[in-house]
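A.B. asks: Got a predicted structure here, sequence first:
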Amino acid sequence: MTIQPRYPNVANDPRLLDVNAEKKRLQNIVRDGEWNGNNVSVEICQLKILSAAFQDGKLYLPKF
């Protein structure tokens, strides 16, 4: 008896965050926000956390 996975691969799992894609999205937000003079300190903090996770080799993080 084999157990069928709920999702065919981790990229399709909605419970996981793709670190690289989220990092790119946040980089765009920070770049545009700084250009427009907006406060993007929260996004910069999130970007640092994701960059550290990516450097540690984590490609996916749980969303909880």
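C.D. replies: Received it, and whenever you're ready, just let me know what you need.
A.B. asks: Other residues contacting the longest helix along the chain?
C.D. replies: Ranked by residue count under DSSP state H, the longest helix found in the chain is helix 19-36. Residues outside helix 19-36 that contact it (CB atoms under 8 Å, 6 or more residues apart in numbering) are 39-40, 43-44, 46-47, 50-51, 53-54, 58-61. The way it works is simple: take the backbone N, C-alpha and C, and place the C-beta from them, glycine included.
A.B. asks: Can you check these and name whichever has the most neighbours?
C.D. replies: residue 50 (22 neighbours; other CB atoms under 10 Å).
A.B. asks: which secondary structure element contains that residue?
C.D. replies: helix 41-55 (DSSP states H and E).
A.B. asks: relative to helix 19-36, how tilted is that helix?
C.D. replies: Angle, helix 41-55 to helix 19-36, by axes from the mean of the first three to the mean of the last three CA atoms, to 10 degrees: 150 degrees.
A.B. asks: helices or strands up against helix 41-55?
C.D. replies: helix 19-36 (3 or more CB pairs under 8 Å, 6 or more residues apart in numbering; DSSP states H and E).
A.B. asks: Could you list the low-pLDDT ranges of this protein?
C.D. replies: For the chain, no stretch is flagged by pLDDT under 70.
A.B. asks: next one: the next helix or strand after the helix holding residue 50 to chain centre, how far?
C.D. replies: Per DSSP H and E, the first helix or strand lying C-terminal to helix 41-55 is strand 60-62. Relative to its parent chain, strand 60-62 has a centroid offset of 8 Å by CA atoms, centre = their mean, to the nearest Å.
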